[in-house]
Structures are given as C-alpha cells and as structure tokens.
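[1] next come a sequence and a model predicted from it.
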Amino acid sequence: NAGVTQTPKFQVLKTGQSMTLQCAQDMNHNSMYWYRQDPGMGLRLIYYSASEGTTDKGEVPNGYNVSRLNKREFSLRLESAAPSQTSVYFCASSEAGGGARLYEQYFGPGTRLTVT
Amino acid sequence: TQLLEQSPQFLSIQEGENLTVYCNSSSVFSSLQWYRQEPGEGPVLLVTVVTGGEVKKLKRLTFQFGDARKDSSLHITAAQPGDTGLYLCAGDEYGNKLVFGAGTILRVKS
C-alpha cells in the first residue's frame, strides 16, 4: 500500500495564478483532510471531508476550495494564489466516520508551495 | 476551537540526557495523540492515549494522559540523535477533527 500520496511535491506560483493540489489514499478511509504548516504554528486545518460527497471548513478556509472526487481522492484548489499562502500543505486520512472512535491520521509527504 | 499549548518550543540536548515535552489545554479531549515529524516528511503517529491517567511506553518514550484528559506529556529517557525531530500533540475534539499543538523541535547532539 502506498498510503497517502500527494502531487506535486514542489510548486512555485506567481500571485494571482491558480493550481490544484492532488491527494489520494488507498486505505479505504472515510475521512480526508487538508492542512497547512507554517513555522511556529503547527498544523492548521483548511478543509476536511468526513465522507464521500461532504466537505466542511476548518480553521483557515479562506482562499481555498476542495473537492472530494470519490472515496480515494481529495483535492485542494487555490483560485488566485497570494504570498500569504506560501506554506507546506499536507493531506491526511483517517478511519473517522462510520462509528470509528479514534481519529488517528495518516499523512502524505507534503507539497511545498511558494507564491511570489 | 480548543487550543493545545506545547512547551518547550525548542529543546537542544546532549545524547544520553532525559527530557519531557508538555501539551496542555483548558478543555477536555476524548483522546490525544503524539506525532513525530522529520524534515521534509509528513507527521507519523507515535501513540494514542484515551483514558485519563493512562501511561503508554514505546521503548525509551513514555506518554501520559492527564487524569482530567486536558493535558499530556512525553518523556524521553537517554535521548539519542535519532530522536531528533518535531514532536506534535493533537487532541480529538469529539468529532472528525484533530487540534494540533504548535510543536516542539528536539535536537539531540552526539
């Protein structure tokens, strides 16, 4: 099993450009998440999806959109990138949902995004 | 959103020393997890604690969940250079989401 995969690994954008970060998991998990990680601020939740067909805002959703394409895939879109969105983005999945009690999360390797 | 405060933010010690990292909140969590992250990689789960007062050991790492389920600690005995990394605590908000602390950067020098 590959676990959680993310593409691309690195990306440089100019202000105003758009892009989509892709994430896929092969663990048959119900829930998927997008986080951003900035120095000294830990991981902050952008959006999450508790099940196929549902999405909810997290702590820092402004400037982002998401799509839960199917149970395996969860994408994050930046419509008009800004320098403040320079960060490392992590996708994660967990068994949460369907009665699962413990929400351990499994993370992808991250996408390092720079917006100039 | 519940907040998790981690301390210290940064720790630099010599190989063989002991250390403790703390994770505190004013709110109650149904469970708390500890993750370790190495540079350029995603966090990896170390342990989950569920019951108030619970103690779990993972080789030289000891994790404790406070009696009131508001705080946790990670103790490393005889630290080694391979323990170097970012340690993150995360609390389960009785839902589908985790709240993460800001992390503790540990550097163990040989």
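    Alright, I've got the coordinates. Numbers count the residues shown, from 1 in each chain, chains lettered A, B, ... in the order given.

[2] taking chain B, what residue is nearest to chain A?
    residue B:42 (3.1 Å; C-beta to the nearest C-beta). The way it works is simple: take the backbone N, C-alpha and C, and place the C-beta from them, glycine included.

[3] contacting residues around the closest residue to that residue other than its chain neighbours?
    Excluding its sequence neighbours, the residue lying closest to residue B:42 (C-beta to C-beta, 6 or more residues apart in numbering or on different chains) is residue A:107, at 3.1 Å. Shown in contact with residue A:107 (C-beta atoms under 8 Å, 6 or more residues apart in numbering or on different chains): A:4, A:90-92, B:42-44.

[4] that older thread, name the SS class of the residue of chain B closest to chain A, please.
    Three-state call for residue B:42 (DSSP: H, G, I helix; E, B strand; the rest coil): coil.

[5] now it: phi and psi?
    Main-chain torsions, residue B:42, degrees, to the nearest 10: phi -80, psi 160.

[6] contacts only, for it.
    Per C-beta under 8 Å, 6+ apart, neighbours of residue B:42: A:4, A:90, A:92, A:107-110.

[7] ok, back up a step: partner residues bridging the residue nearest to residue B:42?
    Using DSSP bridges, the bridge partners assigned to residue A:107 are residue A:92.

[8] spell out which residues of chain B are next to chain A.
    Listed as neighbours of chain A in chain B under the rule C-beta under 8 Å from any C-beta of the partner chain: B:1, B:6, B:9, B:30-31, B:33, B:40-45, B:48, B:50, B:88, B:90, B:92, B:96-98, B:100-103.

[9] make a ChimeraX selection of the buried ones in these.
    Listed next is the ChimeraX selection for buried residues among the residues of chain B next to chain A, using 16 or more other C-beta atoms under 10 Å in any protein chain shown:
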select /B:6,31,33,42,43,45,48,50,88,90,92,96,97,98,100,101,102,103
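
[10] from the residues of chain B next to chain A, which ones fall inside strands?
    In this view, those that belong to strands under DSSP state E are B:6, B:33, B:44-45, B:48, B:88, B:90, B:92, B:98, B:100.

[11] count of neighbours near residue B:65?
    24 (other C-beta atoms under 10 Å in any protein chain shown).

[12] wait, residue B:75
    Count around residue B:75 with other C-beta under 10 Å applied: 16.

[13] for it, list the residues it contacts.
    B:18-21, B:61-64 are the contacts of residue B:75 under C-beta under 8 Å, 6+ apart.

[14] can you list the ones in strands among the residues of chain B next to chain A in JSON lines and add pLDDT?
    Listed next are those as JSON lines, based on pLDDT from 0 to 100:
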{"residue": "B:6", "pLDDT": "95"}
{"residue": "B:33", "pLDDT": "93"}
{"residue": "B:44", "pLDDT": "95"}
{"residue": "B:45", "pLDDT": "93"}
{"residue": "B:48", "pLDDT": "91"}
{"residue": "B:88", "pLDDT": "96"}
{"residue": "B:90", "pLDDT": "93"}
{"residue": "B:92", "pLDDT": "84"}
{"residue": "B:98", "pLDDT": "86"}
{"residue": "B:100", "pLDDT": "92"}
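
[15] and these as a markdown table, adding distance to residue A:53?
    Formatted as a markdown table, these follow (distance: C-beta to C-beta, whole Å):
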| residue | distance to residue A:53 |
| --- | --- |
| B:6 | 35 |
| B:33 | 27 |
| B:44 | 29 |
| B:45 | 27 |
| B:48 | 28 |
| B:88 | 30 |
| B:90 | 26 |
| B:92 | 23 |
| B:98 | 22 |
| B:100 | 26 |
